[in-house]
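**Q** Using only what follows, build the 3D model:
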Amino acid sequence: MAHPLEEIIASADTAIVREDFDTLLEFYSEDAVLVIKPGMSVTGKASIRKAFERIAEYFHHSVQVQQAGMVVLESGDTALVLAKTVVSASNLPAVTRNATYVFRRESGGRWRCAIDNSYGHELLAGRGPTA
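**A** All right, here's what the predicted structure looks like:
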């Protein structure tokens, strides 16, 4: 059986493609972080909405997102999702990203995305070792 988060992420992907940002924001926690690109992220639903609006414009309202594989690691009210996310647009050939998402289950049982990082470990590129 698929984990419920797989369906939630598929629904969020559909909302991105349709540019249904009202629906999309329901998937995020109030304090969520969205990685726009390495070195640039935003926090909070209002900023996330603006970011998705700008992304849609940049990609000529043609963004396509789908998952090509996913693993969910759950512990209590927290889940880490590792995914192969395929992103394309009319001005972007299909690229596959090794995405990482963090979800929290709220008191009512609903999962919300707290960290949306479609770039995964790519964020480490160009950084030296840390102590």
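**Q** how close does the residue nearest the centre of the chain get to M70?
**A** In the chain, the C-alpha closest to the average C-alpha coordinate belongs to D116, at a distance of 3.7 Å (C-alpha atoms, centre = their mean). Shown here: D116 relative to M70, a distance of 14 Å by C-beta to C-beta, to the nearest Å. (Glycine included, C-beta is placed from N, CA and C.)
**Q** swap in V17?
**A** Distance of V17 to M70, given as C-beta to C-beta: 17 Å.
**Q** Compare these two and say which is more crowded by neighbours.
**A** Summary of the neighbour comparison: V17 and M70, criterion other C-beta atoms under 10 Å, with M70 having more neighbours (18 against 15).
**Q** Quick check: the more buried one touching E6?
**A** Yes. Under the criterion of C-beta atoms under 8 Å, M70 is in contact with E6, at a separation of 5.6 Å.
**Q** what touches both of the two?
**A** Listed contacts common to M70 and E6 are nil; contacts here mean C-beta atoms under 8 Å, 6 or more residues apart in numbering.
**Q** Just the pLDDT for G128.
**A** Per-residue pLDDT puts G128 at 54.
**Q** Under the pLDDT cut-off, which ranges of the protein? List them.
**A** Counting by pLDDT under 70, the ranges of the chain that qualify are 126-131.
**Q** Mind doing that once more with 90?
**A** Filtered on pLDDT under 90, the chain yields the residue ranges 1-2, 92, 107, 124-131.
**Q** same for the helix or strand harbouring T85, what does it pack against?
**A** Using DSSP states H and E, T85 sits in strand 78-89. Counting contacts by 3 or more C-beta pairs under 8 Å, 6 or more residues apart in numbering; DSSP states H and E, strand 78-89 is packed against helix 4-18, strand 64-75, strand 92-105.
**Q** need the next SSE after the first one, C-terminal direction.
**A** Once the chain leaves helix 4-18, the next helix or strand it forms, by DSSP H and E, is helix 21-25.
**Q** Can you name the next helix or strand after that next one?
**A** Later in the chain than helix 21-25, the nearest helix or strand by DSSP H and E is strand 28-37.
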